[in-house]
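# what follows is a protein structure lacking sequence information:
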């Protein structure tokens, strides 16, 4: 009798149906299975296992690996795998026994205890149900140190362009470094963009909207997939990659400047006294500079710049003083009013203005009256000559019984000779 049902080790010789004999050696395994548990004395089958399990590592060999990396592959055997597992072991790591599912296995390797450098080895083993074992070596290079990243560009203060050029340095500090794989930036912490790098330096351009709340995130990755957790800014301060540099301020548009007084004057703009500039100034991003500049040229002379306090401009207005007594300020002026925001952007308005403080000269020539009575008994012919150092705009007349010249309010907007002005002044058509 063969004894109880199970797997037995036998010492025997086997001859197949064609008379070919098989000679067993010490490594050969036999599986003996009784044909029936009720008929242990009847025929039994003997399986001969001369092959180790199939075992393949799919992860690329001799590549740079970081603190943790994934090892995967396949394992199978006709006799089944002992425990349906593979065993992974090596210096500096904890032995792992990942399960084999559908012929595949995978394992996250914690290599934090491995010394950095090249020529590192792991062993993966699989044992079949007959006790045959296959072992495969996995060769890799190990770098667990993150790159060192620094920004040299000063991003403090307001910037007046939306695209900023940035630059800095990057180093993989190991004695046997894996090398830099990438340097990247992000403006939102989720979408990353590549920067140019080489020979320990990196550079690129980043675009921002007008805002005082822009952020710059930076990171570098080496060929072992170690990623920086911090980087240095231009002041050598440590910045967390997840926090980034905050408060990057961009303002590309000038302030909104509105001048209301000179702008409202009818062209050609002529003044016989002080020229007053007044209006509003706003800026929604960086704010307004508290000082404006009035720049003017008189003819070909200038420009001359006059600072104007914002409070004056938006309050009572700034009066450009002229002297009507000496007429020294008469002439044609090109005025440019300039305003600035805190970022330094400029907005301006310009006017051409004539200053004329000399009154025109009027010479009348009245036909003589009757010598005896000093009176007229018909039409009175009046002639007048008018002169001025500038172009005349209009001439008015009035008949009055008074010896006192009636006042005139300065209203020069009379459409034609039929218009009656204040105190019966009438415009002469030509």
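Perfect, I can see it now. Since this is a predicted model, take the numbers as computed values, not measurements. Residues are numbered from 1 along each chain as shown.
# closest to the centroid, which residue in the chain?
Geometric centre of the chain, nearest residue: residue 208, 2.9 Å, by CA atoms, centre = their mean.
# can you give me the distance of that one to residue 235?
20 Å (CB to CB, to the nearest Å). The C-beta positions use only the backbone N, C-alpha and C, and glycine is treated the same way.
# same check on residue 300?
Residue 300 sits 50 Å away from residue 235, taking CB to CB as the criterion.
# the two - which one has more neighbours?
With neighbours defined as other CB atoms under 10 Å, residue 300 and residue 235 compare such that residue 235 has more, 9 against 5.
# and that one, which of the three is it?
coil (DSSP: H, G, I helix; E, B strand; the rest coil).
# per-residue pLDDT, it?
The confidence metric pLDDT takes the value 97 at residue 235.
# same deal with the one 4 residues further on?
With respect to pLDDT, residue 239 scores 98.
# grab the nearest non-local neighbour of residue 63.
In this structure, residue 63 finds its nearest non-sequential neighbour in residue 140, 6.3 Å apart by CB to CB, 6 or more residues apart in numbering.
# give me the sheet partners of the helix or strand where that neighbour lies and which way each runs.
In this assignment (DSSP states H and E), residue 140 forms part of strand 133-142. Here strand 133-142 has these sheet partners by DSSP bridges: strand 64-65 (parallel), strand 117-127 (antiparallel).
# any idea of the mean pLDDT in the helix or strand just after it?
The helix or strand immediately downstream of strand 133-142 is strand 148-151, counting by DSSP H and E. Across strand 148-151, the average pLDDT comes to 98.
# list the buried residues of strand 148-151.
Neighbour-count burial for strand 148-151, counted by 16 or more other CB atoms under 10 Å, picks out 148, 149, 150, 151.
# count of residues packed around residue 184?
Neighbour tally, residue 184, other CB under 10 Å: 18.
# using the three-state scheme, assign it.
Using three-state DSSP, the structure places residue 184 in strand.
# so how far is residue 230 from the closest residue to it other than its chain neighbours?
Closest residue in space to residue 184, ignoring its immediate chain neighbours: residue 192 at 4.3 Å, by CB to CB, 6+ apart. Note on residue 192: its distance to residue 230, by CB to CB, is 17 Å.
# same question, residue 156
Distance from residue 156 to residue 230, counting by CB to CB: 19 Å.
# neighbour count for the two, which is higher?
The residue with more neighbours, out of residue 156 and residue 230, is residue 230; 16 against 12, by other CB under 10 Å.
# what's near enough to touch the more buried one?
By CB atoms under 8 Å, 6 or more residues apart in numbering, residue 230 lies in contact with 238, 239, 240, 241.
# any chance of those residues in CSV, plus neighbour count?
Shown next, in CSV, are these (neighbours: other CB atoms under 10 Å):
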residue, neighbour count
238, 9
239, 20
240, 11
241, 18
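# what pLDDT does residue 175 get?
At residue 175, pLDDT is 89.
# how many neighbours does it have?
By the measure other CB under 10 Å, the count of residues near residue 175 is 7.
# ok so, going back, show residues contacting the strand holding residue 140.
52-57, 59, 61-66, 69, 71, 90, 111, 114-127, 176, 178, 224.
# what residue, apart from its backbone neighbours, is nearest residue 388 spatially?
residue 360 (3.8 Å).
# phi, psi for that neighbour please.
Dihedral pair for residue 360: phi -70, psi 160, per degrees, to the nearest 10.
# count the neighbours of it for me.
Neighbour count of residue 360, defined by other CB under 10 Å: 13.
# likewise residue 147?
26.
# right, and the strands paired with strand 133-142 - which one's nearest residue 395?
Ranking the strands paired with strand 133-142 by distance to residue 395, with CB to CB as the measure, places strand 64-65 first at 96.5 Å.
# doesn't residue 166 make contact with the residue nearest to the centre of the chain?
No - with contacts counted by CB atoms under 8 Å, residue 208 stays clear of residue 166, the gap being 11.1 Å.
# list buried residues within the contacts of strand 133-142.
52-53, 55-57, 59, 64-66, 69, 71, 90, 111, 114, 116, 120, 122, 124-127, 178, 224.
# Validate this expectation: residue 262 resides in a helix.
Yes - Residue 262 sits within a helix when classified using three-state DSSP.
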